[in-house]
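Enquirer: show me how the following folds:
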Amino acid sequence: MKLSTKAVVQTGVLLAICIASQFMKGLSVYITGSIVNLTIVMAVLLVGVSSGIILSVIAPITAFWISPSPITQSIPMVIPCIMIGNILLAVGIYLFQKKVLTKQMKLNIRVAVGMVVGSLAKAVFMGVSIVCILLPMFKGNLPAKKADMILNTAKVTFSVTQFITAIIGCAIAYVIWLRIKDVVSKEY
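Expert: Predicted coordinates:
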């Protein structure tokens with residue numbers, strides 16, 4: 001995975017946007033999550049899948065440092081599941097964009113389908129791995145008085161909310177990408 005200087009700079013700018021959004025986590029998970037997903041998607045579309053994977057791995061780590069949730073503090077194994085979910089989003093988009101899975105569809109349609117498939121894969125993986133496996137297994141690690149409330153919130157946060165924020169981020173990225181795709185050249 002060799003990145004050119006231009007690719008490193010573009011990835012760095014997208015990472016800075018991602019990190020800046022994480023400081024706004026108190027506003028709404030729908031704002032922060034959508035911006036994080038937007039940066040991952042734009043990284044894939046503009047720089048390449050390796051850039052999207054880099055952001056997919058770094059974003060949950062910086063989120064934990066900036067404003068850790070009670071779940072990630074109590075069950076740190078959630079963080080790799082978030083990373084893998086993000087990677088599934090990036091790879092889903094990449095596979096459709098690069099004609100690996102579809103050869104007859106036009107590029108705009110392939111990218112849109114890849115965004116939906118990637119968002120769904122992310123939400124399903126996180127729902128199964130976090131909600132169905134990790135949380136029940138490590139329920140005892142959560143604060144006793146708030147365990148039920150945290151688990152109920154987590155069930156929605158790590159499944160439905162992940163899908164919604166991924167789709168919102170993808171929709172914004174798609175609109176931006178449609179406007180700039182012909183101008184942006186990949187010289188790396």
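Enquirer: can you pull out the helices in this protein?
Expert: 5-22, 29-42, 49-66, 70-74, 78-97, 107-126, 135-137, 147-157, 160-180 (DSSP state H).
Enquirer: now those helices in JSON lines, with mean pLDDT and mean neighbour count?
Expert: (C-beta placed from N, C-alpha, C; glycine too.) What follows is the helices of the chain, written out as JSON lines (pLDDT from 0 to 100; neighbours: other C-beta atoms under 10 Å):
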{"stretch": "helix 5-22", "mean pLDDT": "93", "mean neighbour count": "16"}
{"stretch": "helix 29-42", "mean pLDDT": "95", "mean neighbour count": "23"}
{"stretch": "helix 49-66", "mean pLDDT": "95", "mean neighbour count": "20"}
{"stretch": "helix 70-74", "mean pLDDT": "80", "mean neighbour count": "17"}
{"stretch": "helix 78-97", "mean pLDDT": "95", "mean neighbour count": "22"}
{"stretch": "helix 107-126", "mean pLDDT": "92", "mean neighbour count": "21"}
{"stretch": "helix 135-137", "mean pLDDT": "84", "mean neighbour count": "14"}
{"stretch": "helix 147-157", "mean pLDDT": "80", "mean neighbour count": "15"}
{"stretch": "helix 160-180", "mean pLDDT": "94", "mean neighbour count": "19"}
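Enquirer: the residue in the chain sticking out farthest from the centre and residue 154, how far apart?
Expert: Farthest-out residue of the chain from its mean C-alpha position, per C-alpha atoms, centre = their mean: residue 145, at 30.8 Å. Per C-beta to C-beta, to the nearest Å, residue 145 is found 16 Å from residue 154.
Enquirer: could you do residue 133 as well?
Expert: 12 Å.
Enquirer: over to residue 69?
Expert: Between residue 69 and residue 154 the distance, using C-beta to C-beta, works out to 9 Å.
Enquirer: need the nearest residue in space to residue 18, chain neighbours excluded.
Expert: On the basis of C-beta to C-beta, 6 or more residues apart in numbering, the spatially nearest residue to residue 18 that is not a chain neighbour turns out to be residue 39, at 4.3 Å.
Enquirer: I'd assumed residue 55 was in contact with that neighbour.
Expert: Yes - contact criterion C-beta atoms under 8 Å: residue 39 and residue 55 qualify, at 5.8 Å.
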